[in-house]
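In: sequence isn't available, so here's the structure alone:
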């Protein structure tokens, strides 16, 4: 597998394209924004989403989906989840029949409460697919620093071929068949990261942040089990690994969003000032849709949703969490 298309010219799509080029793949990067294409062609840099990172001369950017997907053996789709359905619909006429579609976004569709693989099936129908998720900051992957991620698929041979194409050097993929667990881990960790950022912004201490991360993981595992996933998946790279990365670093968009909320800014102010998508802002509401559908309690997600989408007072939400009835840790 040597011909790779990457759909999405944001930070993560650009980093994936640079990774593929570094591994010797013929790589085309499709970006919706013409300014991104022009910037990469002229300066070998994505100044809007990944400023300061020099990109390989072999990376071919394009604004033409047909050109990007021509003869592609794998399409890495790094379109934000809330725009995924529309992006896949536009790509569908240009996808080669045997192309492996790899979803590289983290979230839950807000309107329908669907995971990315479910959105893809509705948009494209059954076809070879995979999900790539894990603790990966785009800037570090683009720079060639060591990283590992989970590649989940029911199509083992195609996934192995992609793993061999992208793996090696400083990037290590691990394989899984648990698509639901991997996608839930990647989505829900963003909600917990917002909560941890709020705690940091309010100055509530490291004890509170550690407790919140741990109980957030318990929420994630409860929903995953209710949806037929393996709890063990949440103990891996796409669960606790991603939590460890995003719940304590201002380089995380979701943690920094919570940090700003804790510092007194409103959600609307923060989101309006950003060019990149903060997935957790939509995921907290979508997670509650799934929780209600599967009769699962998710008090941390509910508190984040109340703050982000319903203008609830931070102090009141924290008090509500602390006043919940005492219970066994495994419940």
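Out: Everything's here; your move. Just so it is clear, the structure is predicted and the values come from calculations on it, not from any experiment.

In: report the buried residues of stretch 80-93.
Out: Residues of stretch 80-93 classed as buried under the neighbour-count rule (16 or more other CB atoms under 10 Å) are 80-82, 84-85, 87-88, 91. Where you see a C-beta, it was placed from the backbone N, CA and C, and this is true even at glycine.

In: ignore the last one, stretch 112-131
Out: Neighbour counts over stretch 112-131 (16+ other CB under 10 Å) mark 113-120, 123, 128-131 as buried.

In: check stretch 203-214 too.
Out: Of all the residues in stretch 203-214, those buried under the rule 16+ other CB under 10 Å are 208-209, 212-213.

In: from the chain's centroid, how far away is it?
Out: Between the mean C-alpha point of stretch 203-214 and the mean C-alpha point of its chain there is a distance of 23 Å (CA atoms, centre = their mean, to the nearest Å).

In: what's the answer for stretch 20-40, then?
Out: Stretch 20-40 has its average C-alpha position 19 Å from the chain's average C-alpha position, going by CA atoms, centre = their mean.

In: swap in stretch 12-31?
Out: The offset between the C-alpha centroid of stretch 12-31 and the centroid of the whole chain comes to 17 Å, using CA atoms, centre = their mean.

In: what's the spacing between residue 297 and residue 291?
Out: Residue 297 sits 7 Å away from residue 291 when distances are taken as CB to CB, to the nearest Å.

In: with neighbour numbers in mind, choose between these two.
Out: Of the pair residue 297 and residue 291, residue 291 is the one with more neighbours under other CB atoms under 10 Å, namely 20 against 13.

In: contacts only, for the nearest residue to that one once chain neighbours are set aside.
Out: Of all residues beyond its chain neighbours, the one nearest residue 291 is residue 298 (4.5 Å), with distances taken as CB to CB, 6 or more residues apart in numbering. By CB atoms under 8 Å, 6 or more residues apart in numbering, the residues touching residue 298 are 219, 222-223, 287-288, 291.

In: among those, which two are most distant?
Out: Every pair in these was compared (CB to CB); the two farthest apart turn out to be 222 and 288, at 13.2 Å.

In: pick out whichever of the two has more residues nearby.
Out: Set residue 222 next to residue 288 and count neighbours by other CB under 10 Å: residue 288 wins out with 21 against 18.

In: now do whichever strand or helix holds residue 307: which elements does it pack against?
Out: When secondary structure is defined by DSSP states H and E, residue 307 falls within helix 299-310. Taking 3 or more CB pairs under 8 Å, 6 or more residues apart in numbering; DSSP states H and E as the contact definition, the neighbouring helices and strands of helix 299-310 are helix 179-202, helix 206-226, helix 253-262, helix 267-272, helix 280-293, helix 314-322.

In: got those as JSON lines, with distance to residue 9 columns?
Out: What follows is those, written out as JSON lines (distance: least, CB to CB, whole Å):
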{"stretch": "helix 179-202", "distance to residue 9": "20"}
{"stretch": "helix 206-226", "distance to residue 9": "30"}
{"stretch": "helix 253-262", "distance to residue 9": "16"}
{"stretch": "helix 267-272", "distance to residue 9": "20"}
{"stretch": "helix 280-293", "distance to residue 9": "20"}
{"stretch": "helix 314-322", "distance to residue 9": "35"}
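
In: for residue 142, find the nearest of the ones you listed.
Out: Closest approach to residue 142 among these (CB to CB): helix 253-262, 15.7 Å.

In: show me what that closest one is packed against.
Out: Checked by 3+ CB pairs under 8 Å, 6+ apart, helix 253-262 has helix 179-202, helix 267-272, helix 280-293, helix 299-310 packed alongside it.
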